[in-house]
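1. When you get a sec, could you give me coordinates for this:
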Amino acid sequence: MEVKERIVQDKGLDHTLKILEEGYLFIKNRTERYHCNMFETHIMGEKAICLSGEEACKIFYNEELFQRKGAMPMRIQKTLFGVNAIQGMDKEAHTQRKLLFMSLMTDVHISHLQL
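-> Numbers count the residues shown, from 1 in each chain. The predicted structure is shown next:
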């Protein structure tokens, strides 16, 4: 993903409450509103860059560009993902945990999750 233009700024001072209200649709709603795959917003008073789409995913998972460990505030780890969750792991630890999870994503296992 090559950034050719200035990153779109989400309007408003802070969007913490909007994330709580919209959940996973928060990013989708804004990428549709702003007709872009990347925008800047503020969450809990901090600047955050939100990405969407296949190219953005490739960038996000490039461990040369992003570091997970220490990136998420402890209060979020304790309340949302859990301390030492995969979202805070890098390199070999992340790869091994992801492989473990993906080994469960077979048709048989998934069929047990369906209602």
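
2. got the residue ranges for the helices in this structure?
-> With DSSP state H, the ranges of helices along the chain come out as 16-22, 25-34, 54-60, 74-76, 91-103, 107-113.

3. Keeping just the C-alphas, turn the longest one into PDB.
-> These are the backbone C-alpha positions of helix 91-103, laid out as PDB (Å, rounded to 0.1, in the frame of the first residue of the first chain):
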ATOM      1  CA  LYS A  91       8.000 -13.100  15.900                       C
ATOM      2  CA  GLU A  92       8.200 -16.800  17.000                       C
ATOM      3  CA  ALA A  93       5.800 -16.600  19.900                       C
ATOM      4  CA  HIS A  94       3.200 -15.000  17.700                       C
ATOM      5  CA  THR A  95       3.800 -17.500  14.900                       C
ATOM      6  CA  GLN A  96       3.400 -20.500  17.200                       C
ATOM      7  CA  ARG A  97       0.300 -19.200  18.900                       C
ATOM      8  CA  LYS A  98      -1.300 -18.400  15.500                       C
ATOM      9  CA  LEU A  99      -0.500 -21.900  14.200                       C
ATOM     10  CA  LEU A 100      -2.100 -23.500  17.200                       C
ATOM     11  CA  PHE A 101      -5.200 -21.400  16.700                       C
ATOM     12  CA  MET A 102      -5.300 -22.100  12.900                       C
ATOM     13  CA  SER A 103      -5.000 -25.800  13.500                       C
END
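
4. Give the buried residues for it.
-> Burial within helix 91-103, assessed by neighbour count using 16 or more other Cβ atoms under 10 Å, is assigned to residue 94. Bear in mind the C-beta positions are built from the backbone N, C-alpha and C, glycine included.

5. Do me a favour and average the pLDDT over that helix.
-> Model confidence over helix 91-103 averages 91 on the pLDDT scale.

6. can you check the third one too?
-> With pLDDT averaged residue by residue, helix 54-60 scores 85.

7. hang on, the earlier thing: for residue 44, which of the helices of the chain is the nearest?
-> helix 16-22 (5.2 Å; Cβ to Cβ).

8. returning to that earlier point: quick one, which of the helices of the chain gets closest to residue 9.
-> Ranking these by proximity to residue 9 (Cβ to Cβ) places helix 25-34 first, at 9.1 Å.
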